[in-house]
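>>> Here is my input, please return the structure:
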Amino acid sequence: MANKNSNLGAAKSAKKDEFYTQLTDIEKELRHYKQHFRDKTVLCNCDDPFESNFFKYFVLNFNRLGLKKLIATCYTGSPIANRQLSIFDVLGVSEETEDKPYKAVVTTVYDKTGDGSVDMFDVAELFKTGENTLTELLGDGDFRSPECLALMDEADIVVTNPPFSLFREYIATLMEHEKKFIIIGHQNAITYKEIFPLLKNNKIWLGNGFQGNVGFFESPYEDIAVSSQHKEGFIRISGVMWFTNLDIKKRHEEMILVKRYDPIIYPKFDNYNAINVNSTSDIPRDYAGLMGVPITFLDKYNPDQFEVAGYTAKDMGVECLKFYQDLEQSLNGEPFVRNMKSARFSPMISVKERPAKTCYRASNAEGYLIKTYGRILIRNKHPEAPKEAN
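So this is what the prediction gives:
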């Protein structure tokens, strides 16, 4: 397989970022939300009826979850259509049914075939007899279309894996329509200017999560899906996460802090009023000021324990105290060169001795500067008292 997420980048560039979620991953996540689904209407609006594992999960668990209704829509030209038990098994193949967007509405699920169990063949029979309905949409099935927005308004909870390239717009649509949701996105979305304020203000948060924040997704595109050590035709995506605004137990689990503040271990940024913490597990338990932590902190974030103040980028809630003049960069001990491409808001740590790794210097900064990755600035709401000096 190509290095890490190179295929993901290629997919997004080509707008081929429709990755289909494994049923096992859906089952592992949604078991944490069971209490939210009873008597609710669920919408899967980026999911082909029968083909999507989201649709499959909800229809096969319809009675156990106590759902009121399940709605799923697909769009014109979906690349995954007709690969498994498909709408054409219900409608029959014809020029009138091929390459069309459809809406599936499920209100009842039972053993229609009489074989003693409920499976997708029972679901197909229930569509054939009209007990559930499968109808062609008027438009192209895009989630932004008027008829799909009307379905969103009808739903109580939206659950799906939207295209990553449309994640900003998808979240904005959910928020505008005041929907509860459980969706999949990439870790990078945390830093989007449209998304971070929602996380900061506890409008949305991260779900229970993929194991190790790594997911394997089926891709219908042969030039994107490649052989991996797990399955042929799957793409490995690091940093994939669940985003939601439904409360779960994990959100209220207190993080156990074991470290104590030491100014040598936790240097203060040169351009932000905060100390640097390289790992979430290293957050000191006795520091009351702002701390800069990796974005992976949000996977452990408990709003009862911490306050999120901002992110080290423009207009993200915290002030950058210094903009460097005549900034120069040295790559791994090489001579310094003028580097105007460096991120203007990147958090920097000032050191006296020149490090062997990549560093910077500026006319309005003392010593040498080490740039860290972007940091979320947080504050402990209940810090311990600092340890008294001997």
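>>> Output the helix or strand where L134 lies as CSV, nothing but the C-alphas.
Taking DSSP states H and E as the definition, L134 sits inside strand 133-136. In CSV, the C-alpha atoms belonging to strand 133-136 read as follows (Å, rounded to 0.1, in the frame of the first residue of the first chain):
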residue,chain,number,x,y,z
THR,A,133,-41.6,1.9,0.0
LEU,A,134,-38.8,2.4,-2.5
THR,A,135,-39.4,5.4,-4.8
GLU,A,136,-37.4,7.4,-7.3
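>>> Let the chain start at 534 from now.
Renumbered: residue one is now 534, and that last one reads strand 666-669.
>>> now for the helix or strand that it is followed by, which elements pack on it?
Once the chain leaves strand 666-669, the next helix or strand it forms, by DSSP H and E, is helix 679-687. In terms of contacts (3 or more Cβ pairs under 8 Å, 6 or more residues apart in numbering; DSSP states H and E), helix 679-687 is packed against strand 574-577, strand 602-606, helix 700-709. (Each C-beta comes from the backbone N, C-alpha and C, glycine too.)
>>> Save the ones you listed as a markdown table, and put in mean neighbour count too.
What follows is the helices and strands packed on helix 679-687, written out as a markdown table (neighbours: other Cβ atoms under 10 Å):
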| stretch | mean neighbour count |
| --- | --- |
| strand 574-577 | 25 |
| strand 602-606 | 25 |
| helix 700-709 | 17 |
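>>> Indicate which one of these is closest to T693.
Nearest to T693 among the helices and strands packed on helix 679-687 is strand 574-577; the distance by Cβ to Cβ comes to 5.0 Å.
>>> what's in contact with the closest one?
585, 587-588, 591, 600-606, 684-685, 687-693 (Cβ atoms under 8 Å, 6 or more residues apart in numbering).
>>> What of stretch 795-806?
Outside of stretch 795-806, the residues within contact range by Cβ under 8 Å, 6+ apart are 792, 807-810, 817, 820, 822-825, 845, 851-857, 880-883, 898, 902, 908, 910.
>>> now with 6 Å?
Contacts to stretch 795-806, defined as Cβ atoms under 6 Å, 6 or more residues apart in numbering, come from residues 808-809, 853-855, 880-883.
>>> Name the member of those residues with the most neighbours.
Ranked by neighbour count (other Cβ atoms under 10 Å), these have M881 at the top, with 27 neighbours.
>>> Next, the contact list for that one, please.
803-804, 902, 904.
>>> re the thing from before, got the helices and strands packed on helix 679-687 as TSV, with distance to E560 columns?
Shown next, in TSV, are those (distance: least, Cβ to Cβ, whole Å):
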stretch	distance to E560
strand 574-577	15
strand 602-606	16
helix 700-709	23
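>>> Including distance to V642 and mean pLDDT, could these go into TSV?
Listed next are the helices and strands packed on helix 679-687 as TSV, based on distance: least, Cβ to Cβ, whole Å; pLDDT from 0 to 100:
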stretch	distance to V642	mean pLDDT
strand 574-577	13	97
strand 602-606	9	94
helix 700-709	26	97
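>>> okay, and for the stretch 784-923 of the chain, where does confidence drop off?
873-876, 922-923 (pLDDT under 70).
>>> rerun that using 90 as the cut-off
871-877, 919-923 (pLDDT under 90).
>>> what ranges do the strands span in it?
Counting by DSSP state E, counting those that start in this stretch, the stretch 784-923 of the chain has strands at residues 808-809, 824-826, 839-844, 861-863, 870-871, 881-884, 892-894, 901-904, 909-913.
>>> about what we covered before: what does the strand holding L667 rub up against?
Looking at what lies outside strand 666-669 - Cβ under 6 Å, 6+ apart - the contacts are 623, 633, 635-638, 660.
>>> ok, K792 - how many residues close by?
16.
>>> If you could redo that for K567, that was the one I meant.
12.
>>> G772 now?
So G772, with other Cβ under 10 Å, has 20 neighbours.
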